[in-house]
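Novice: here is my input; please provide its structure:
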Amino acid sequence: MTEFLLKAGAWEDVSPESAGWRYLHFGVRSGPFSAQTGDAEIALVPLAGRCRVEAEGVTWELGGREHVFAGMPWALYLPRDTAYRVEAEGDVAICGARCETRREPVLVRPGEIEMEVRGAGNATRQINHIVGPEFPAERLLVVEVFTPAGNWSSYPPHKHDEDNAPGEVVLEETYFFRTRAPEAFAVQRLYSPRHGLDVTETVRDGDLMLVPYGYHTTAAAHGYDLYYLNALAGDTRSMASADDPELHWVRGAWDELEPDPRVPLVR
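Specialist: Numbers count the residues shown, from 1 in each chain. Now for the predicted structure:
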């Protein structure tokens, strides 16, 4: 097993120190709990059930979904140097990134989520942009991705580990996986000729994949839809990436294919 794959039950949270990178935090908690954002801006994303958050005398109610496949997300952005308390019915993802500037809290409602259908054929997937490049944050980016059973996602394999804007920017990234059943699985490949890395891992519900560099792609096994939540952080407010040049041609093949009619999986 690679050091980049953290198996469900064997991890609690990831910090820049534990991951060996500069900015990105990620964790999953169940309420009630109290915490401090410290030197990071964060986005709280309820994965199941309703959620109430209190910070600095203000209370936010985040309407819930039974599980991640049952509806569009809610989220709450909180700035650095903020004490907060959460009361949640289920799991809450905490996505964070070290930053310098303290901004204002922002509640993100399901109707405000930008939904995108990307790819075609059996590379079709749904992207929900929660904290996108236009969001008033400093470094944090958050998206959730739904991949129908049997489809490829994050395809063609792409990377974001070189500063070559606007075509590519440097981003640290985590993949947090959810499946519809405990026996379901997906396959994640992470490879970098420059770093001498090429790993392919079986990922299951609750696993977390760290992506510090390299090309990466995911395939959902037949029979079970796949969800993953991506948290990213970098110095540039962009999600620009570079395709594996040997597989970039695939994008042109999509012109002759229809999107998978199962997408969007969640509305």
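Novice: number of residues surrounding the nearest residue to S30 once chain neighbours are set aside?
Specialist: Spatial nearest neighbour of S30, excluding adjacent residues (C-beta to C-beta, 6 or more residues apart in numbering): D91 at 5.6 Å. For the C-beta atoms, the positions are set from N, CA and C on the backbone; glycine is no exception. Using other C-beta atoms under 10 Å, D91 has 20 other residues around it.
Novice: what do you get for T200?
Specialist: Neighbours of T200 under the rule other C-beta under 10 Å: 12.
Novice: part of a helix, is it?
Specialist: No: with DSSP: H, G, I helix; E, B strand; the rest coil as the criterion, T200 is strand rather than part of a helix.
Novice: partners of the host helix or strand of V28 in the sheet?
Specialist: In this assignment (DSSP states H and E), V28 forms part of strand 24-30. Strand pairing for strand 24-30, determined by DSSP bridges: strand 13-14 (antiparallel), strand 91-98 (antiparallel).
Novice: out of those strands, which is the most enclosed?
Specialist: For the strands paired with strand 24-30, the largest average neighbour count (mean count of other C-beta atoms under 10 Å) is found in strand 91-98, namely a mean of 24.
Novice: will you turn the strands paired with strand 24-30 into CSV that also has mean pLDDT and distance to V170?
Specialist: CSV is the format used below for the strands paired with strand 24-30 (pLDDT from 0 to 100; distance: least, C-beta to C-beta, whole Å):
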stretch, mean pLDDT, distance to V170
strand 13-14, 96, 18
strand 91-98, 98, 13
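Novice: and these as a markdown table, adding distance to G214?
Specialist: Below are those laid out as a markdown table (distance: least, C-beta to C-beta, whole Å):
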| stretch | distance to G214 |
| --- | --- |
| strand 13-14 | 17 |
| strand 91-98 | 20 |
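Novice: quick revisit: how about the next helix or strand after the strand holding V28: buried residues?
Specialist: Next helix or strand after strand 24-30 toward the C-terminus (DSSP H and E): strand 33-36. Neighbour-count burial for strand 33-36, counted by 16 or more other C-beta atoms under 10 Å, picks out A35.
Novice: how distant is strand 33-36 from the center of its chain?
Specialist: For strand 33-36, the separation from the chain centroid amounts to 22 Å (computed by C-alpha atoms, centre = their mean, to the nearest Å).
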